[in-house]
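heads up, no residue letters with this:
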């Protein structure tokens, strides 16, 4: 499977050292199989007058059999609970890879309303159920990152 990462630099050798804490799926290297999603990730850098660079990787899905993987097929209560734990820094799981929806603007707004206590979990899930998730794959361990093979990059 081809995976993409949008940034302001080419990343030949992904690592966990440069990842941020308290994000959707916790500390990790975030990729997507959706090229258009990687382009959107580059937009924030381009708005800051930096380069936008999409790095491309090959990931053999069969290697996931040897890894601990958590997959969310839709926006759900479990997805929301996991995101909440990760963003609060309370994730104690040991998943190598987490796969699921990324928060676009509309999803992000709903999640923020829930986090701020302005809507309850039921209302948040009701709002999210009609959203088609953009897919992100977070590589959260060195063992998982070693399965990524850099294939090149494109400057936007």
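Alright, I've got the coordinates. In this text, all values refer to a predicted model and were calculated from it rather than measured experimentally.

drop to CA atoms for contacts and neighbour counts, all remaining ones
Noted.

quick one: list the elements packing against the helix-or-strand element of the chain with minimal mean pLDDT.
One helix or strand of the chain scores below all others by mean pLDDT, DSSP states H and E: helix 105-115, with a mean of 79. Other helices and strands packing on helix 105-115, by 3 or more Cα pairs under 8 Å, 6 or more residues apart in numbering; DSSP states H and E, are helix 121-128.

point out where the protein drops to low pLDDT.
Within the chain, the stretches with pLDDT under 70 are 103-105, 132-133.

what helix or strand does the most far-flung residue of it relative to its centre sit in?
Within the chain, residue 118 marks the point farthest from the mean C-alpha position, 24.9 Å out by Cα atoms, centre = their mean. Remark: residue 118 resides in no helix or strand, with elements defined by DSSP states H and E.

in the longest helix belonging to the chain, which residues are buried?
Longest helix in the chain, counting residues (DSSP state H): helix 35-47. By neighbour count on 16 or more other Cα atoms under 10 Å, the buried set for helix 35-47 is 35, 37-39, 41-46.

any chance of these in CSV, plus distance to residue 96?
Compiled in CSV, the buried residues of helix 35-47 are given as follows (distance: Cα to Cα, whole Å):
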residue, distance to residue 96
35, 23
37, 22
38, 21
39, 25
41, 22
42, 25
43, 28
44, 27
45, 28
46, 31
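
ok, the residues you listed vs residue 136, which is closest?
In terms of Cα to Cα, no member of these lies closer to residue 136 than residue 37, at 8.7 Å.

ranges for the strands of this protein?
Under the criterion DSSP state E, the chain contains strands at 2-7, 29-31, 53-59, 69-71, 97-102, 134-139, 148-155.

got TSV for those, with distance to residue 14 too?
Formatted as TSV, those follow (distance: least, Cα to Cα, whole Å):
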stretch	distance to residue 14
strand 2-7	10
strand 29-31	7
strand 53-59	10
strand 69-71	19
strand 97-102	14
strand 134-139	9
strand 148-155	8
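
could you dump those strands to a markdown table with mean neighbour count?
Below are these laid out as a markdown table (neighbours: other Cα atoms under 10 Å):
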| stretch | mean neighbour count |
| --- | --- |
| strand 2-7 | 25 |
| strand 29-31 | 23 |
| strand 53-59 | 22 |
| strand 69-71 | 15 |
| strand 97-102 | 21 |
| strand 134-139 | 22 |
| strand 148-155 | 16 |
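
out of those strands, nearest to residue 17?
strand 29-31 (9.4 Å).
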